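*Asks:* Structure, please.
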Amino acid sequence: MSFEFPLPDVGEGLTEADIVAWKVAPGDTVTVNQILVEIETAKSLVELPSPHAGTVGALLVEEGQTIEVGTPIIRFGGDDSGAEAAPASAGAPTSGSAEESAGASGDADGGATLVGYGAKETSSKRRPRKGAPVPAPAAGASPAASAAEGADADTPAPAASAPAAAPAAQAQPASAPASPGKPLAKPPVRKLAKDLGVDLSQVTPTGPRGDVTRDDVHAAANRTAAPTAGATAPAAASASDQAALEERIPFKGVTKMMAKAMVDSAFTMPHVTEFLDVDVTETMAMVRRLKSTKFLGEDVKVSPLLIVAKAVAWAVGRNPRINSCLEGDEIVVKKYVNLGIAAATPRGLIVPNIKNAQAMGLGELAQGIQDLTALARSGKTPPADQAGGTITITNVGVFGVDAGTPIINPGEAAILAFGQVRKKPWVVGDEIVPREITTLSVSADHRVVDGEIISKFLADVGRGLEDPTLMLA
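*Replies:* Next comes the predicted model:
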């Protein structure tokens, strides 16, 4: 008895995933919880364990394929080749029958004329316009024309109308002076000429009454385009060369999800951004002391981001409204700090968060940041680590950038950007001395917080970095 395993929702209502790598093959014997496949969701790489013990009958999707949640991805059981072949062979006669039926239908109707196609008996009768002046020679030729109109479409009678048309065409110049300089053409033909950029006055008319026809316009357009075809060949070759130097990256997974989140945020929240230059000389000295003494642990990485994270959690405690979000008709102020750290990974930007950062000491916070970033770079951050954030830090300084206007992570009210630290001249007392300076910027949702709250929060973060001992109080 076979059993098909569908792609599950691995968390947070995800609707699709990419098959990255199969860890089993048809014929393999697997046990419960053995890893079957590695998939990439919009948030992370996830390894799916087997819910079933048995033999792999078939892999139902290929690596690199994007599939929806609920789609069967693997079949357990015996040899399914016969089962797969049966539908294929059974389907062949059905396909053949359909084709034969279509062919038979085509044969049966082969002589029929489709609506809108084929010869039209009345087409020659509609050619002359009512009230149009009919020159005398054309009137004399009308018996031949009448004979042509009454003849069957399959007889050579239409050829007899050619001599009659010639006098009419010759008689047309007599009416030309009535509208000197303006070529005769029907409105659809004039529109075609306008669309193709053809000057009707430069077109030789071949119509039965000396009018310009659609074929005349197309011929004129082709003559105009012919000389430029050779000139555009190098341009086309150049475009081809440029295409060879382009890289096309699939817009999916983490990148697509983050793009959607940023668009939703930017066009839903009225962003306001404030900036503050901060003297972080004392913070940098503290970082150097912690690194040299290994006070937080031998394997714990200490960086300026650690002190910034501590300052943000401290400032949130002093300004709790900044740590809130809008839900319907309510502003939800959160008494806990799930501190998001924006992380650039090979798969795109993700924002995992450290839960309850406000309750952590410096060592615990350092370890949390280190573990979080390492997991993010490996591409295996679970969806739970990316959910429930309350406020975010983005460290643009590591890229040599002074400041930015970051976009708020959806579900939050603020994000702080930490710029690079550089030595600059700074006024201390009455003297100008070199100090280590950074620029902080905060973007906040102006629906939830006003300028006073934003300013006080940013000022408190700055104070904590200028004098880290304040955060001990």
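
*Asks:* what ranges of this structure fall below the confidence cut-off?
*Replies:* Within the chain, the ranges that satisfy pLDDT under 70 run 11-13, 42-43, 78-181, 224-237.

*Asks:* Which strand runs longest in it?
*Replies:* The single longest strand within the chain, with elements called by DSSP state E, is strand 431-445.

*Asks:* Can you give me the buried ones in that strand?
*Replies:* Buried residues in strand 431-445, counted by 16 or more other CB atoms under 10 Å: 435-445. C-beta: built from backbone N, CA, C; applies to glycine.

*Asks:* what's it packed up against?
*Replies:* If contacts are counted by 3 or more CB pairs under 8 Å, 6 or more residues apart in numbering; DSSP states H and E, strand 431-445 sits against strand 271-279, helix 281-293, strand 414-418, strand 422-428, helix 451-466.

*Asks:* could you dump these to a markdown table with distance to Arg248 and mean neighbour count?
*Replies:* As requested, the helices and strands packed on strand 431-445 are exported to a markdown table (distance: least, CB to CB, whole Å; neighbours: other CB atoms under 10 Å):
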| stretch | distance to Arg248 | mean neighbour count |
| --- | --- | --- |
| strand 271-279 | 31 | 17 |
| helix 281-293 | 42 | 15 |
| strand 414-418 | 31 | 27 |
| strand 422-428 | 38 | 12 |
| helix 451-466 | 41 | 20 |
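
*Asks:* Mind putting these into TSV with distance to Ser201?
*Replies:* Shown next, in TSV, are the helices and strands packed on strand 431-445 (distance: least, CB to CB, whole Å):
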stretch	distance to Ser201
strand 271-279	57
helix 281-293	79
strand 414-418	64
strand 422-428	69
helix 451-466	66
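
*Asks:* residues in contact with Pro205?
*Replies:* By CB atoms under 8 Å, 6 or more residues apart in numbering, the contact set of Pro205 is 183-185, 211-213, 216.

*Asks:* Which of the residues you listed ranks first by neighbour count?
*Replies:* In terms of neighbour count, Val212 stands highest of those at 24 neighbours, by other CB atoms under 10 Å.

*Asks:* partners of that one in the sheet?
*Replies:* Following DSSP bridges, Val212 is listed with bridge partners Ala185.

*Asks:* wait, it sits on Gln202?
*Replies:* No - Val212 is not in contact with Gln202 according to CB atoms under 8 Å; the separation is 10.3 Å.

*Asks:* Distance of Thr29 relative to Lys23?
*Replies:* 13 Å (CB to CB, to the nearest Å).

*Asks:* The two: which has the busier surroundings?
*Replies:* Using other CB under 10 Å as the criterion, Thr29 and Lys23 rank with Lys23 on top: 15 against 10.

*Asks:* how much space between the more buried one and Glu63?
*Replies:* Distance of Lys23 to Glu63, given as CB to CB: 11 Å.

*Asks:* Residues that sit against both of these two, list them.
*Replies:* With CB under 8 Å, 6+ apart as the test, Lys23 and Glu63 reach no residue in common.

*Asks:* Please list all residues in contact with the residue nearest the centre of the chain.
*Replies:* Nearest residue to the geometric centre of the chain (CA atoms, centre = their mean): Phe251, 5.6 Å. The contact partners of Phe251, taken as CB under 8 Å, 6+ apart, are Ala259.

*Asks:* secondary structure class for it?
*Replies:* Following DSSP: H, G, I helix; E, B strand; the rest coil, we place Phe251 in the coil state.

*Asks:* What backbone torsions are found at it?
*Replies:* Main-chain dihedrals, Phe251, degrees, to the nearest 10: phi -90, psi 90.

*Asks:* what do you get for Gln65?
*Replies:* Backbone torsions for Gln65, taken as degrees, to the nearest 10, come to phi -80, psi 140.

*Asks:* now the spatially closest residue to it that is not a sequence neighbour: how far from Lys252?
*Replies:* Counting by CB to CB, 6 or more residues apart in numbering, Gln65 lies nearest to Ile19, which is 5.1 Å off, once chain neighbours are set aside. In this view, Ile19 and Lys252 are 12 Å apart by CB to CB.

*Asks:* what touches both of those two?
*Replies:* Joint contacts of Ile19 and Lys252 (CB under 8 Å, 6+ apart) are Thr66.

*Asks:* Just want to know which of the two has more residues nearby.
*Replies:* Set Ile19 next to Lys252 and count neighbours by other CB under 10 Å: Ile19 wins out with 21 against 15.

*Asks:* Surely that one touches Leu60?
*Replies:* No - taking contacts as CB under 8 Å, Ile19 lies outside contact range of Leu60: 10.0 Å.
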